[in-house]
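K.L.:
just need the structure, nothing else, for what follows:
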Amino acid sequence: MQPRIYTYKITFEEIPHWYWGVHKEQKYGEPYLGSPTTHSWKWEFYTPHLQICEIFPYTEEGWEEAQNVENRCIRPDLNNPLCLNEHYGGVISLEARRRGGYRNVESGHLLKLSQTVGPVTRRKRSVNAKEIHRQRTAEEKEEIAKKVTETWKNRTPEEKLEISERRAEKMREVHRNYTPEMKKLRVQKAVETKSNYPPEKREEISEKISKAISLAAVNRSPEEKARLHGNLSKIMKKKKWWVNLQGETLRSENCPGEGWKLGRKFTSSN
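P.N.:
Model (predicted):
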């Protein structure tokens, strides 16, 4: 008989855990009980049973379709503590990422990687990460946000300050490499985004930014405050006030876009 391509689910007699998978046989009916890595000890210690869920044509198209079905099976169970799958289609479970993060920190791998990876590669990885995040469900995004918030709350004030300063320096480095055209596009995008927010949302964002700035200012040394004040003065001297028909104002070196005129009040003489 012809070999098969099928999706399967493995369960255990002694524990309530399960594992989703896909298999392409070399010959019909060959013994197979999955290919675990992290949790392989459970296969040795407990009694696994394989249940074939769906059989597909033994073709390249059938193999591709079977992998897609496997991803759909794993996706809603990925962060379930009873599900033994750790990833699907490039998406890794929160538990697997946590373990990997600890290992990387302890071994110094992240520091070595940051020193060897070039800016182009970093940019590609950033784009890929954003695409993966867009494909996540609302529940997955909410779970990740909770984990991030919990981790941040558990950090000491010194760690928070160090992280904030590191992020700020990275943003300054990125901004220094912007061309005038890129700066103009960023201003235009910010204006468009702001115009789409309701008044309540704008007020909420302004309050959060004000609190963050106040908190950062308290922890700065007098020398750091003087340096930042001098840099800010140089930057603001180059910027002009712009106003649009709705009366919104903005400071920028270049015109933010169509419908904006120099000044702080919109008049026919602008």
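
K.L.:
at which residues are the helices of the stretch 1-150 of the chain located?
P.N.:
Assigned by DSSP state H, counting those that start in this stretch, the stretch 1-150 of the chain shows helices spanning 40-45, 60-74, 94-107, 109-116, 119-134, 138-153.

K.L.:
equivalent analysis for the stretch 151-270 of the chain, please.
P.N.:
Counting by DSSP H, counting those that start in this stretch, the helices of the stretch 151-270 of the chain are 157-176, 180-196, 199-218, 222-238.

K.L.:
surely Lys27 meets Gln2?
P.N.:
No: using Cβ atoms under 8 Å, Lys27 makes no contact with Gln2, being 9.4 Å away. From N, CA and C alone the C-beta is placed, and that goes for glycine too.

K.L.:
Glu131 is nearest to which of the helices of the stretch 151-270 of the chain?
P.N.:
Set against Glu131 and scored by Cβ to Cβ, these come closest in helix 180-196, at 19.1 Å.

K.L.:
and for the closest one, what's in contact with it?
P.N.:
Residues outside helix 180-196 that contact it (Cβ atoms under 8 Å, 6 or more residues apart in numbering): 178, 202, 246, 248, 250, 252-254, 256-257, 260.

K.L.:
what residues of it count as buried?
P.N.:
For helix 180-196, the neighbour count (16 or more other Cβ atoms under 10 Å) marks 184, 187-188, 191 as buried.

K.L.:
sorry, back to before: can you pick the most crowded of the contacts of helix 180-196?
P.N.:
Among these, Trp260 has the most neighbours (other Cβ atoms under 10 Å), with 22 neighbours.

K.L.:
bridging residues for it?
P.N.:
With DSSP bridges applied, Trp260 shows beta-bridge pairing to Asn244.

K.L.:
quick check: it vs Tyr197, distance?
P.N.:
18 Å (Cβ to Cβ, to the nearest Å).

K.L.:
how about TSV for the helices of the stretch 151-270 of the chain, with mean pLDDT and distance to Leu84 added?
P.N.:
Output for the helices of the stretch 151-270 of the chain, formatted as TSV (pLDDT from 0 to 100; distance: least, Cβ to Cβ, whole Å):
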stretch	mean pLDDT	distance to Leu84
helix 157-176	80	33
helix 180-196	78	42
helix 199-218	78	40
helix 222-238	70	50
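
K.L.:
out of those helices, which gets nearest to Arg136?
P.N.:
Of all the helices of the stretch 151-270 of the chain, helix 180-196 comes closest under Cβ to Cβ, at 22.0 Å.

K.L.:
and the closest one, C-alpha only, in CSV?
P.N.:
Taking C-alpha atoms only, helix 180-196 is exported to CSV below (Å, rounded to 0.1, in the frame of the first residue of the first chain):
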residue,chain,number,x,y,z
PRO,A,180,15.8,64.9,5.7
GLU,A,181,13.3,63.0,3.6
MET,A,182,12.9,60.3,6.2
LYS,A,183,12.4,62.9,9.0
LYS,A,184,9.7,64.7,6.9
LEU,A,185,7.9,61.4,6.3
ARG,A,186,8.0,60.6,10.1
VAL,A,187,6.5,64.0,10.9
GLN,A,188,3.7,63.5,8.3
LYS,A,189,2.9,60.0,9.7
ALA,A,190,2.7,61.3,13.2
VAL,A,191,0.4,64.1,12.2
GLU,A,192,-1.9,61.7,10.3
THR,A,193,-2.0,59.3,13.3
LYS,A,194,-2.7,62.1,15.7
SER,A,195,-5.6,63.4,13.6
ASN,A,196,-7.3,60.0,13.7
